[in-house]
Every structure is written in C-alpha cells, then in structure tokens.
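Enquirer: Here is my input; please provide its structure:
(4 chains)
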There are 4 protein chains.
Amino acid sequence: MTPYTHKIQYYETDKMGLTHHSNYVRFMEEARIDFFEKLGFPYHEFEARGIASPVVNIHCDFKKPTTYPDVISVLVSVKECKKLKFTLSYTMKKGEMVVCLGESTHCFLNGEGRPVPFTLYPDFYETMLKESAKTGSSEENK
Amino acid sequence: MTPYTHKIQYYETDKMGLTHHSNYVRFMEEARIDFFEKLGFPYHEFEARGIASPVVNIHCDFKKPTTYPDVISVLVSVKECKKLKFTLSYTMKKGEMVVCLGESTHCFLNGEGRPVPFTLYPDFYETMLKESAKTGSSEENK
Amino acid sequence: MTPYTHKIQYYETDKMGLTHHSNYVRFMEEARIDFFEKLGFPYHEFEARGIASPVVNIHCDFKKPTTYPDVISVLVSVKECKKLKFTLSYTMKKGEMVVCLGESTHCFLNGEGRPVPFTLYPDFYETMLKESAKTGSSEENK
Amino acid sequence: MTPYTHKIQYYETDKMGLTHHSNYVRFMEEARIDFFEKLGFPYHEFEARGIASPVVNIHCDFKKPTTYPDVISVLVSVKECKKLKFTLSYTMKKGEMVVCLGESTHCFLNGEGRPVPFTLYPDFYETMLKESAKTGSSEENK
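Expert: Residues are numbered from 1 along each chain as shown, chains lettered A, B, ... in the order given. Below is the predicted model:
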C-alpha cells in the first residue's frame, strides 16, 4: 500500500523552528483515515452506521525533527487485531530517514457508548486479521 | 466587564518565533464564550436548546506580534445587534499595547439550519441591545 | 493555475459537526504557500534570505459549511500589490459551491523588523503586478 | 502543588462531540510549562540560555471522554529523572474522574543539537530528583 504523505505546514511549526510534536498525532489520524479508505472501509461509513471509533491510547517516539516545508510519508500497518480493539503502527519518514514511530489503539462504540465487537463487521474484521498477519500478531495466530 | 485573558502557549507559536495568526481567531472564540457566560447566556445552553450559532464572518487586524509566554487580554464588546445577526468587536492587548483588533458576526440557526430571530430569546436580545448601546449601533438606535 | 486542494480532516471539525471556522485561515496559508511555490517563489527561500512575511490582516466570509471528509479547492489570486504590501483573495469551493471567501494582506520585514519594499525583489514584484493585473488593481494601473 | 486547569474550548472538540484526542498532548504541554514555572524554572529561561528541550516520546491513555465546556485538572509529577532525560506523568481529571493518563520524556539540547546533562544545571537537577523521589524512581535511588 502506498504510504500517506503530508506536507508540513507553516502553522504546524513552533518557535523551536520545528514541527510541534502534537501534530504527529494528527498526521497519524490523517494516515489512519487514508489507510481505511484504501482498504475499502472509509471511516465516515462507520460513522453513518452509528459507530464511533474512539482512540484508546497513543504513543509516539520522536526520532528526528522535521519542519516546514518537509514532506513526510506515513506507513500504516495493523500491529494487532482482537475482537474489541485493534492497534495500528505508524512509520513516519522524511525521505529514507525515520522521523517518528507511532502506535494507536482503537475500539468501536455504538450509540449508547457500548463496545461493538468487530465480528459484527466480518468483512472489516477479516481484512484487519489479514493485515495484521502481514506484520504483527492477531487473536487468530496466537 | 473583566477582559478575558489567554496565556500564549508554546504550541501556538510558529517558526517565525511568534504566535501563529490563526490562533487569534481561536482566542476570539474563547473570549466570546467567556463574554456570554459573564452575561448569563452560556453558549452550551443555546446548544442544549438546539440552537447553533455559526460564525458568519471574521476579521483580524494584526497590530503587534506576541509570543510564548505572553499573556494577552481580550476585551469583547457588541458592535451591533440586529434581529438576525450580531457583530462583536475584540480588542486584544499585551499590557497596554494593542496587539490585534478583531470582529466577528454570528447568527442563530435551528435544527433545520434556518435562521432564528434573537427576538425569540427576549432576555438575550435585550441584553445584546443594551451592550451594543454602550459601544456601537443597534437596530433600535438607528 | 490549478487550485490548491485540501481534504477536511477529522481533527478540523468541531462538535457542531462542521469544519471549525478557524481552520479556513490555515487553509488560506496552505494555499498561499502553494501559490507562491507555483509562481516560483517558495516562501522558505524568502525566509532563508532573512525575510519574514507576517500577515497584516485577514478576512473570511463563511458561505456554506463543510465537514470531514469533504475536499475543498482554494483558488488564490492577487487582489492588489503595492510596494510595501499585497492582498490576496481566496475562493474556497466544495465542488462548484463556494464555501468561503477570504482575503489576507502581507508585508515583508527584514531581520530588524523593518518593512522591505518588494521592489528589492524585482522578479517577485513584477510577477505580483502581473498576477494582480489579471484580477485586481495595482499601484501601476491606478 | 496545585494542579493546572484547562477549560475545554469549542475549537478543541470534534464532530464526535468530544475533545479531540490530539489536544490532550497540548494540555500536557500547558501543564508541563506551568509545572516548571511553579518549580521556579520557567521554560523560556532555558530557551534564553540556548537550551531546547524537545519531546522524546509521549504516551496517552484515554480513559473517559470530555467536551466543551468541561474543566479538567492536570496533575504533573516527575516519574523519573536521569542525567540526560526525565519523564513526567500527567493525571488529567474532570472533577474526581480520571479522564486521561499521560507520560512524556524530554531531554536538553544545546545550540548544536547535542544532549546537555542536567547536572550542568544543578539547581534544576536537584529539584527534579527531589520531585521524582516523591512519586517515582531516579538514577540516585536505584
């Protein structure tokens, strides 16, 4: 899958002259949305069905600084997919240089705020398991 | 009325070393919300009644730069209040020095996206007319 | 010139369900940077020469709401170019529908914070006059 | 030490109706700056001496959602302080309810981008060790 690209904007820099670290969390969201679109599961379609997909946790390791007008690529992979939550990994690069490594965990909630097992969306769940088999671990292969 | 104060945060600066101009639009929103709370009309109470209050237009004149860790004060006044829209003025200062002058115009929309005349909320409308009489012009005094 | 495009991100929406108005000011910056790159004058090259180009004022008329995952196009044109400041116009559309009209005025400052006349950068100034002749007014043609 | 408080702003919410997760990373920065000010080491004084203090990594566990106009408190503590990096913990609460737990690790860099041991700033280092003794582990007490 082609990595997502994001051009660092002037408003994303801070007075240190560098991309403010909080923005990488936003690049992860941009790349995640793009990733699910490319997999055929646009996030807004889940929303349209009344499913919210909140972020359970995030982690970022900042390796190298970036700044305007750098272009960074974000490669997303499924680290793990269980029945109630999945974890994505993000490798952000400027050219060949890794600038940030990220992770985020997500679940599905219905309109009442209750967890929804991904098995209710078998196409989605199968795809996630297939993706996680490429790179990480899944409930199936443990 | 006491002006609203906002401490410039590191993440609000840019690589020029200054507060990024887009953030003043956010300070205006912070001050506006504070202004209506102090007047006794918290914005979230309008929301709870199904009223949305979108921004019709904004204007900012940037007079002097600010940066972290400056503290700016924002004085809000009602420039004009008509039946379907009102305009607020914002004077942002660092100490005695004006750093930005802003204006924003707003209306009320109901759940169907239709304009709601402020006269439906007579307490609010009366207060706004009173505020606008202090500083600006209103439908009444034209 | 091809308009700049921006896909509305989830983090750019607010609890009204729409793109938060402050972000249009950021889209204007994105489109402005893209515009100057396409004209052959990347903003970072001015910065490298010690020139800062602060925003003197901004104006936005919000015409129609947008939201994630809308894609908007931003067409930039030079409304006016004088020796010490220039004004850009922005037409933001979702498909054929105008969603926001913006304007911003800019100047050049040197390292001491003093205004720099654009005539010091004749290639830039000529290009700006030519662009302004297409759509707006300039010092030359008044 | 009194916890830092942050009122959730409208522009910090997203179309899910909740505070966008990326903003908690910004609240951590706000609280961190406040924490160091209260300890007597304002961040801008380090900057004035040519020291940059980049974020090495961040982690957030999102426990409960918040939204406008919630007020959250952020309690900062020093989890660990070694000679070249320190880790802070953040407990964010809405009333008595924990809404987010965060961690961030930081180092000091000089103008050439080289790590600066905190022992060069003995007052700072001593204070950090004392703070870490309250709650966490430090190089000294291992």
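Enquirer: which parts of chain A sit against chain B?
Expert: Proximity of chain A to chain B (C-beta under 8 Å from any C-beta of the partner chain) is limited to residues A:10, A:11, A:13, A:14, A:15, A:17, A:18, A:20, A:22, A:67, A:68. In this view, the C-beta of every residue, glycine as well, is placed from N, C-alpha and C.
Enquirer: could you pick out which of those residues are near chain D?
Expert: Among the residues of chain A next to chain B, chain D is touched by A:18, A:22 when using C-beta under 8 Å from any C-beta.
Enquirer: Which members of the residues of chain A next to chain B are classed as buried?
Expert: Buried members of the residues of chain A next to chain B, counted by 16 or more other C-beta atoms under 10 Å in any protein chain shown: A:10, A:11, A:13, A:14, A:15, A:18, A:20, A:22, A:67, A:68.
Enquirer: Mind checking which of those residues land in strands?
Expert: Counting by DSSP state E, none of the members of those fall within strands.
Enquirer: Among these, which one lies nearest to chain D?
Expert: residue A:22 (4.2 Å; C-beta to the nearest C-beta).
Enquirer: ok, now which ones touch that closest one?
Expert: The contact partners of residue A:22, by C-beta atoms under 8 Å, 6 or more residues apart in numbering or on different chains, come to B:11, D:22, D:23, D:25, D:26, D:29.
Enquirer: Could you check the host helix or strand of residue A:60 against chain D for contacts?
Expert: Per DSSP states H and E: residue A:60 is located in strand A:55-62. Yes: with C-beta under 8 Å from any C-beta as the criterion, chain D is reached by strand A:55-62 at A:55, A:56, A:57, A:58, A:59, A:60, A:61, A:62.
Enquirer: dump the residue contacts of the second one.
Expert: Counting by C-beta under 8 Å, 6+ apart, residue A:56 touches A:85, A:104, A:105, A:106, A:107, D:61, D:62.
Enquirer: try 7 Å this time
Expert: A:85, A:105, A:106, A:107, D:62 (C-beta atoms under 7 Å, 6 or more residues apart in numbering or on different chains).
Enquirer: now swap in the fifth one and tell me
Expert: Residues counted as contacts of residue A:59 (C-beta under 7 Å, 6+ apart) are A:102, A:103, D:59.
Enquirer: 10 Å instead?
Expert: Counting by C-beta atoms under 10 Å, 6 or more residues apart in numbering or on different chains, residue A:59 touches A:25, A:28, A:87, A:89-90, A:101-105, D:57-61, D:103.
Enquirer: most neighbours, which of the residues you listed?
Expert: residue A:28 (28 neighbours; other C-beta atoms under 10 Å in any protein chain shown).
Enquirer: list the buried ones in the host helix or strand of that residue?
Expert: Element membership for residue A:28 (DSSP H and E) is helix A:22-38. Neighbour counts using 16+ other C-beta under 10 Å place A:22-36 of helix A:22-38 among the buried residues.
Enquirer: averaged over its residues, what pLDDT does stretch A:104-112 have?
Expert: Per-residue pLDDT values over stretch A:104-112 give a mean of 96.
Enquirer: wait, I meant stretch A:116-133
Expert: For stretch A:116-133, the mean per-residue pLDDT is 97.
Enquirer: Write out the residues of chain A neighbouring chain D.
Expert: Contact residues (C-beta under 10 Å from any C-beta of the partner chain) of chain A with chain D: A:14-18, A:20-29, A:44, A:47, A:52-63, A:65, A:100-105, A:109, A:113.
Enquirer: picking that back up, partner strands of the strand holding residue A:60, with direction?
Expert: Sheet pairing of strand A:55-62 (DSSP bridges) gives strand A:97-106 (antiparallel), strand D:55-62 (antiparallel).
Enquirer: Just to be sure, residue A:65 is in a strand?
Expert: No: under DSSP: H, G, I helix; E, B strand; the rest coil, residue A:65 falls outside any strand and is assigned coil.
Enquirer: And it, what's its pLDDT?
Expert: What the model reports as pLDDT for residue A:65 is 97.
Enquirer: Also residue A:77?
Expert: Confidence score, pLDDT, at residue A:77: 97.
Enquirer: That one touches residue A:101, doesn't it?
Expert: No: contact criterion C-beta atoms under 10 Å: residue A:77 and residue A:101 do not qualify, at 11.4 Å.
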